[in-house]
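Undergrad: Predicted model, plus sequence, below.
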Amino acid sequence: MRPSDPLSIVFLVLVACHSPSPTQPSFSWKWTAAPKALVMTKEDNLYEGRAIGSPEVIQEADGFRMVYAQGGKDDKGRIGMATSSDGVAWSKFGGGAPVFDVGPAGAWDSWFLDTPCLAKAGGVYHLYYFGSRSNGTPGASIGLATTTDGTHFTRSASNPVLGPGPSNAWDGNWVESPVVLVEGGAWKMYYTGIDAKWQIRIGLATSTDGVLWTKYSGNPVLDVGKTGAWDDFAAAVPAVLKKGSTWQIFYCSLSHAEAILGMRAPKIGYAASADGLQWTRYEGNPILTAWDIYLQPDGPYNPCALFDEKAGQYKMWYETGTGFGMATAPAIPGI
C-alpha cells in the first residue's frame with residue numbers, strides 16, 4: 001500500500017507443478033468474490049485520503065474486527081480499525097480516524113506505519129505493525145503495541161520487536177507484513193523479508209511472550225516458486241491460519257515475466273503444512289487473480305484469511321488499488 005511496498009516498487013521501476021502431501025489432498029477449490037466488488041473504500045480525509053491497504057481481520061464472538069493501513073494526504077501511514085457483524089458491511093472507528101498513529105519525531109516508526117496484524121491472547125490485543133522513519137530505506141522493522149479495550153494502544157518498550165537481519169541475510173533490507181498466531185504459550189510470527197537484491201520471501205520467528213522473538217534458523221520457510229512458475233518472482237505478505245492439525249498459508253506473487261512487463265496484477269496462492277515449516281503448494285494455484293475479483297486494479301494483494309466455523313467456509317479479505325474486496329470458499333475435504 002505504501003510507496004516502499006516491495007511489489008509496488010518493482011511495478012513502478014520496471015513500468016510448476018507440485019505434488020500434494022498428506023496434509024494437502026488433491027482437490028478442486030473454488031473461491032468466489034463477494035457480489036459487492038468492494039467491502040470497504042477509503043475516506044476523503046487527511047488520514048486515508050490517498051489509499052487504504054493491508055486488511056487484517058480476526059473473528060470475535062459478536063463478529064469481526066479489522067485493522068488496516070491508512071495512507072494519508074500528508075504522506076504519513078497510520079493504522080485504522082473497523083468492525084462488522086458479517087465481514088461484508090464494515091463500520092470504521094472514528095469515521096476513518098486512526099486508531100494508532102505514527103511515533104514521535106525521530107522515532108524508528110515516525111514516518112510510516114503499515115501491514116498491521118492483530119492477535120488476541122489473555123484478553124489483550126497485540127498489534128504488530130511495520131514501521132519506518134523514512135521512505136524505502138533499509139532497516140524498517142516490526143513493532144508491537146497492546147490494548148485491553150481494543151482501541152487505546154500502548155507501544156512496547158522493547159520496540160522494534162523484530163528487525164532485519166545482517167546486510168547479507170535473506171531479510172537484510174527490511175522486514176514487514178507480520179501475521180502472529182498464539183497456541184497455548186507458543187507464539188509464531190510469519191513475516192515478509194526482503195534482501196539487498198530485492199528478493200522477497202517469507203520467514204518465521206517464535207516467541208514465548210509475544211515480545212522477544214527468535215528467528216527460525218531454516219528461514220525462509222516459503223521461497224519463490226520454480227523458474228517459470230506463476231510465483232517465481234516473490235513469496236510475500238502471508239496470511240496464516242491453523243485448521244485442525246494443518247497449517248495453511250496464503251501469499252502473493254507474480255511471475256518474473258509479468259514484473260518485467262510492468263503488469264500490476266498480483267495473484268494469491270495457497271500452501272499447506274503439517275508443521276508450519278515445510279510447505280506444499282496447492283496444485284491449482286493461484287487461487288485468486290484479478291479476473292476473479294472483477295479486474296480491480298492492483299489486486300488481489302495482501303490477503304487475510306480465516307475459517308468461519310459458524311458459516312462453515314473460508315473468508316478472505318484482500319487489498320486492491322481502490323479498496324478491500326472479499327472472497328469465500330468451501331471447507332477443504334479432509335481438513
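TA: That came through fine. Numbering: from 1, shown residues only.

Undergrad: buried set for stretch 165-175?
TA: Using 16 or more other Cβ atoms under 10 Å as the burial criterion, the residues of stretch 165-175 that qualify are 165, 170-175. Every C-beta, even on glycine, is put in place using the N, C-alpha and C of the backbone.

Undergrad: Low-confidence regions, the stretch 101-250 of the chain specifically.
TA: Applying pLDDT under 70 to the stretch 101-250 of the chain flags the ranges 135-138.

Undergrad: List the buried residues in stretch 174-185.
TA: Neighbour-count burial for stretch 174-185 [16+ other Cβ under 10 Å]: 174-181.

Undergrad: List the contacts of it.
TA: 54, 56, 114-115, 117, 119-121, 126, 128-130, 132, 138-142, 162-164, 187-194, 203, 208, 210, 236-242, 302 (Cβ atoms under 8 Å, 6 or more residues apart in numbering).

Undergrad: I'd like to know which of the residues you listed are buried.
TA: Buried by 16+ other Cβ under 10 Å: 54, 56, 114-115, 117, 119, 121, 126, 128-130, 132, 140-142, 162-164, 187-194, 203, 210, 236-241, 302, out of these.

Undergrad: So which of the residues you listed are in strands?
TA: With DSSP state E as the criterion, strands contain 54, 56, 114-115, 117, 119, 121, 126, 128-130, 132, 141-142, 187-194, 203, 236-241, 302 from among the buried ones among the contacts of stretch 174-185.

Undergrad: ok so, going back, so which of the buried residues of stretch 165-175 is the closest to Trp90?
TA: Using Cβ to Cβ, Val175 comes nearest to Trp90 of those, at 28.4 Å.

Undergrad: what's the helix or strand for that closest one?
TA: strand 174-183 (DSSP states H and E).

Undergrad: how far does that strand sit from the chain's center?
TA: Mean-position distance between strand 174-183 and its chain equals 8 Å (Cα atoms, centre = their mean, to the nearest Å).

Undergrad: Would you map the strands across the stretch 1-150 of the chain?
TA: 32-33, 51-60, 63-71, 77-84, 91-92, 112-121, 124-132, 141-147 (DSSP state E, counting those that start in this stretch).

Undergrad: Would you mind telling me which of the ones you listed is nearest Asn45?
TA: strand 63-71 (9.1 Å).

Undergrad: residues of that closest one that come out buried?
TA: 64-71.

Undergrad: Now distance to Ile260 too, for the residues you listed, in CSV please.
TA: Shown next, in CSV, are the buried residues of strand 63-71 (distance: Cβ to Cβ, whole Å):
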residue, distance to Ile260
Phe64, 38
Arg65, 39
Met66, 34
Val67, 34
Tyr68, 31
Ala69, 27
Gln70, 31
Gly71, 27
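
Undergrad: Asn302 versus the residue nearest to Glu176 when sequence neighbours are not counted, what's the distance?
TA: In space, and not counting its chain neighbours, Glu176 is closest to Phe130: 4.1 Å by Cβ to Cβ, 6 or more residues apart in numbering. Noted for Phe130: a distance of 11 Å to Asn302, by Cβ to Cβ, to the nearest Å.

Undergrad: Also Lys30?
TA: In terms of Cβ to Cβ, Lys30 sits 22 Å off from Asn302.

Undergrad: Gly325 now?
TA: 11 Å.

Undergrad: any residues in contact with both of the two?
TA: Tyr318.

Undergrad: mind listing what the residue sitting nearest the centre point of the chain touches?
TA: Compute the mean C-alpha point of the chain, and by Cα atoms, centre = their mean the closest residue is Val237, 4.2 Å away. Val237 sits next to 54, 115, 177, 192, 251-252, 301-303 when contact means Cβ under 8 Å, 6+ apart.

Undergrad: what touches both of Phe130 and Asn302?
TA: Common neighbours of Phe130 and Asn302 (criterion: Cβ under 8 Å, 6+ apart): 115, 177.

Undergrad: For the nearest residue to Leu113 once chain neighbours are set aside, give its distance to Gly163.
TA: Leaving aside its sequence neighbours, Leu113 sits nearest to Gly77 (Cβ to Cβ, 6+ apart; 4.8 Å). Distance of Gly77 to Gly163, given as Cβ to Cβ: 18 Å.
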